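Asker: Model the following, please.
(chains A and B)
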Amino acid sequence: MKNKSKPLALLLACFLVLGACSNTTNNTPAAPEKSAESSEPADPFGRYEEPVQISISIEIDPTDNELPPGDTPLDNQYTRQIKEALNVDVDHQFAATGQNLRQRISLAIASNDLPDAMVVNAVELRQLVEADQIADLTEVYERYASPDIKSIIENTNGAALDAVTFDGKIMALPGVQANADGIHLLWIRQDWLDKLNLEPPTTMAELEDVARAFVEDDPDGNGKRDTIGITGPESGGKLYANFLESKNNLYGFDPIFSAHDAFPGYWLEGEDGSPVYGSILPETREALANLRDLYSKGLIDPEMGVRNKADEPIIAGKSGMFFAPWWMAYGPLTNAVKNDPEANWQAYALPLNQNGEFRPHAATPSTEFVVVRKNYEHPEVPMKLLNNLFKNEQENTFDPSKGGPGYYPLRVVYAPSDEIEFTVKALRDVLAGNKTAEDFANDKAYKLLPSDIASIKTIKKEPYDSMDISTWNPEANWGAWTRAYSIMVGGRPLVDTEFEAVSSLLYEQTPLMESRWVNLRKLEDETFLRIIMGAAPLETFDTFVENWKRQGGDQITQEVKDALAQ
Amino acid sequence: MRMKGFAKHYYLMLIPGFLWLFVFSIVPMFGIIISFQYFNPGKGILGSDWAGLEHFKYMFLLKDTQEVFSNTLVIASMKIVANLIAPLLFALMLNELRLMILRRWIQTIVYLPHFLSWVILGGIVLDLFSYNGPVNQLTALFGFQPKLFFADAQLFPFLVVGSDVWKEFGFGTIIYLAALTGINPAMYEAANIDGAGRWRSLWHITLPGIRTTAVLLTVLSLGNVLNAGFDQIFNLYNPLVYSTGDIIDTWVYRTGLLNLQYELATAVGLLKSVVGFLLISVSYYLAYRFVNYRIF
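Answerer: The predicted structure is shown next:
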């Protein structure tokens, strides 16, 4: 069932398209300037004497049942700790699931009816800045950011702050995610491979053979031909991550594209050194031809692009392969293993390209931003909330099995860029007995490492060099297993494989993109999906390239070139 | 004097309708201004800068605009025709049914989907036609390969019209049945005595008897020729069927609210309103000409 239409949202939608926004001129006068002391650092963790209210937007999955009985999204371990430590009362102006949340945020922007603070993406941030709807947080960042968070933000070579600096002002608090979030891997049912006497596929040809075996040779042993070779994106999902949303693309085909040295959705350096858009290059055409072939042979989920939840067949043990980043135990795999304790999902940096290299695309560290509504009386509250989250994650205050960290108000991730790789190596050393928790006492930025080290031996059984599901004991502590399995299995290829990631020349919008990009994206998404699913001939790609250039693509390419020249 | 007091109640009963119309149709009309502006939500309608006709020029450049207008026209016209014929046929068949209990039952059952929203029916329809759904299981019995119906752009408009008829024909049937009971039974008796069979009385009494209703319903539905059904299509479509299934309303929704291109979306919405206004004027003129139905 599609849940993307909420009656209220629709009602608002009709109302707003025709033109709402009559409540726009009642801007209250700006809060009085703070006195001279305002340039000095303040206490990042200071508790308010009087209770302070903040209304936020939050992403909530209504089917999530992690919260213990009696707890609610508004009253749980996180909100109680916040009340205790900061004396802040959190209220939800709106809560929605992923796709719906983006719509609610768009509605809030269009109607100029913003919560006090919310987490937005790069496009929404830009829109908010231009509409002058959010507060300048330069001073808040300078005075209130905790030293740990500051050092993580400043260790991104300026990328994090660049993304939020407009006219020299810091307009949002950037999250900083680990590089690993942008590297998409092949996740495969190792137990199916073993059963059919197959090896992990290294080339596209081998990938096809494995997918065929998964579809035809009854890997789940129920005597029916009901298994999927490769899972594809769900309805509304992306075929590949792009320069605006460069990480965490679940169930896309990113590694298949990069196995063809194709990087659609990315700005690349062309042969003449000037920027060129990856989606219109011949490599992309080649990759599409390959995907089209796989789809027509029934090796890719026949319901890709139409299915409402791509993770269902994975959880139900009906799919053999999918592509996603390292953290998949936080994704479908926990439920998949609860459903079938034998489901041995392993991750590989595969398939390789013609030269035998794994060449993934790389992401920008900051894709999530906390913004504060203009004229909110306490603009420093969101920063304090983030300081508090980071500190308590270091101290391991929260128990993720009593409600995941997503329930923390305004949560954005702060992680050193090599967090995953570092943790993999550290845990290996601990398991091998070479090191103990004390050896990592100074690595405070890796906030979850102490708890990772403390719990690893309760959930990981010997032999320690094997990562098969049979060598784990998830029942002992599902919360810790989710993280450890993600890191040790999903992080392994990142540590054990030599690879060079391809970056986009640009990770933000240029001015002309604001009016034209949506239509170009639609053209691209629709054409590629139709080509892969056989609804349009491969030659449509050539018309697409022409149309793309004519409908503004050429002008935008020029703009990108100018932006890079600056 | 008594008549006057009576009429007053009628006017009072109009108030909720007028309020609804005022809040949801008249007030939002001021938003049309957005299509002539570089709209900035922070500054609002009164503070944004003027853009002249720029967004309209871009709108006509865009291939999408033609596509969504023609999709809307095709789907809406098909719906108008199908929603005229299906309930009419069904009402006539039901009318011939002499067993009253059975008639009432059938009438109630076919009328049920009308009360369910498209969010629910959309899910049901998608499941029925899914890859492993009942329809594919049925065709598999006859040796057909399973087919992904809702990924087929050629089929999509027919699926939309078909499911819309399924949802609404019960409701239309009731209107026709009401018109049928308005026919004087004495006419059927007279025809019977004169030796007319069922077909003859159908042709010479029943059809002329409900002609006015049929023409009126058709003519009035012309006003909807640009409303192809937002909530239905929104719950059924996906990017694969945009080329035949994306209608003005869904496009405006995505462009304006999801992609924040307020001005372009408003411009297209305005164009829709202008064309819709012309069509409604024509349809009311026709209604006046042919069945002497007057609103003013």
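
Asker: Name the spans of chain B whose pLDDT lies under the cut-off.
Answerer: B:1-6, B:295-296 (pLDDT under 70).

Asker: In it, what residue lies closest to chain A?
Answerer: B:G31 (0.6 Å; CB to the nearest CB). C-beta coordinates here come from the backbone N, C-alpha and C atoms, glycine included.

Asker: hang on, that residue packs against B:T266?
Answerer: Yes. With contact defined as CB atoms under 8 Å, B:G31 and B:T266 form a contacting pair (6.5 Å).

Asker: and these two? which has more neighbours close in?
Answerer: Neighbour comparison, B:G31 and B:T266: the larger count goes to B:T266, with 26 against 22 (by other CB atoms under 10 Å in any protein chain shown).

Asker: do you know how far that one is from B:M78?
Answerer: 28 Å (CB to CB, to the nearest Å).

Asker: got it, and A:E124?
Answerer: From A:E124 to B:M78 the distance is 38 Å (CB to CB).

Asker: what's the answer for A:G278, then?
Answerer: The value you get for A:G278 to B:M78, if CB to CB is used, is 40 Å.

Asker: So which of the two has more stuff around it?
Answerer: Legend: neighbour count by other CB under 10 Å for A:G278 and B:M78, higher for A:G278 (22 against 18).

Asker: What does the pLDDT read for that one?
Answerer: The model reports A:G278 with a pLDDT of 96.

Asker: and if you look at the one 3 residues further on?
Answerer: At A:L281, the predicted lDDT confidence score is 96.

Asker: Let me see the contact set for it.
Answerer: A:262, A:268 (CB atoms under 8 Å, 6 or more residues apart in numbering or on different chains).

Asker: repeat that with 10 Å
Answerer: By CB atoms under 10 Å, 6 or more residues apart in numbering or on different chains, A:L281 lies in contact with A:261-264, A:268, A:270, A:287, A:545.

Asker: now swap in A:L299 and tell me
Answerer: A:207-216, A:228-230, A:291, A:293, A:320-321.

Asker: are any of the residues you listed buried, and which?
Answerer: A:207-208, A:210-211, A:213-215, A:228-230, A:291, A:293, A:320-321 (16 or more other CB atoms under 10 Å in any protein chain shown).

Asker: Contact partners for the residue nearest the centre of chain A?
Answerer: Residue closest to the average C-alpha location in chain A (CA atoms, centre = their mean): A:N248, at 3.6 Å. By CB under 10 Å, 6+ apart, A:N248 lies in contact with A:177, A:181-182, A:184, A:241, A:324-325, A:327, A:331, A:363, A:367.

Asker: 8 Å - rerun?
Answerer: A:181-182, A:241, A:324-325 are the contacts of A:N248 under CB under 8 Å, 6+ apart.

Asker: what does A:E559 give?
Answerer: Per CB under 8 Å, 6+ apart, neighbours of A:E559: A:510-513.

Asker: which ones among the contacts of A:L299 are found in strands?
Answerer: A:228-230, A:320-321 (DSSP state E).

Asker: nearest to chain B, of those residues?
Answerer: Closest to chain B, out of all of these and judged by CB to the nearest CB, is A:I228, at 10.5 Å.

Asker: Look up which residues are beta-bridged to that closest one.
Answerer: Note on A:I228: beta-bridge partners by DSSP bridges are A:S319.

Asker: distance of the nearest residue to A:G232 once chain neighbours are set aside from A:E234?
Answerer: Using CB to CB, 6 or more residues apart in numbering or on different chains and skipping the chain neighbours, the partner closest in space to A:G232 is A:M304 (2.8 Å). In this view, A:M304 and A:E234 are 8 Å apart by CB to CB.

Asker: same check, this time on A:P537
Answerer: Applying CB to CB to A:P537 and A:E234 gives a distance of 25 Å.

Asker: Which one of these two is surrounded by more residues?
Answerer: A:E234 (21 against 12).

Asker: pretty sure that one is in a strand, no?
Answerer: No. A:E234 is assigned coil when assessed by DSSP: H, G, I helix; E, B strand; the rest coil, not a strand.

Asker: ok, now which ones touch it?
Answerer: A:251, A:304-305, A:307-310.

Asker: repeat that with 6 Å
Answerer: By CB atoms under 6 Å, 6 or more residues apart in numbering or on different chains, A:E234 lies in contact with A:307, A:309-310.

Asker: Then B:M187?
Answerer: B:I205.

Asker: Would you check how far apart it and B:I193 are?
Answerer: 11 Å.

Asker: likewise A:T543?
Answerer: 70 Å.

Asker: So for those two, which sits in the more crowded spot?
Answerer: Using other CB under 10 Å, the more surrounded residue of A:T543 and B:I193 is A:T543, with 12 against 8.

Asker: Quick check: that one is in a helix.
Answerer: Yes. A:T543 sits within a helix when classified using three-state DSSP.

Asker: Let me see the contact set for it.
Answerer: Counting by CB under 6 Å, 6+ apart, A:T543 has no contacts.

Asker: for chain A, longest helix please?
Answerer: Across chain A, the longest stretch assigned as helix under DSSP state H is helix A:511-532.

Asker: Would you mark the buried spots in that one?
Answerer: A:513-532.
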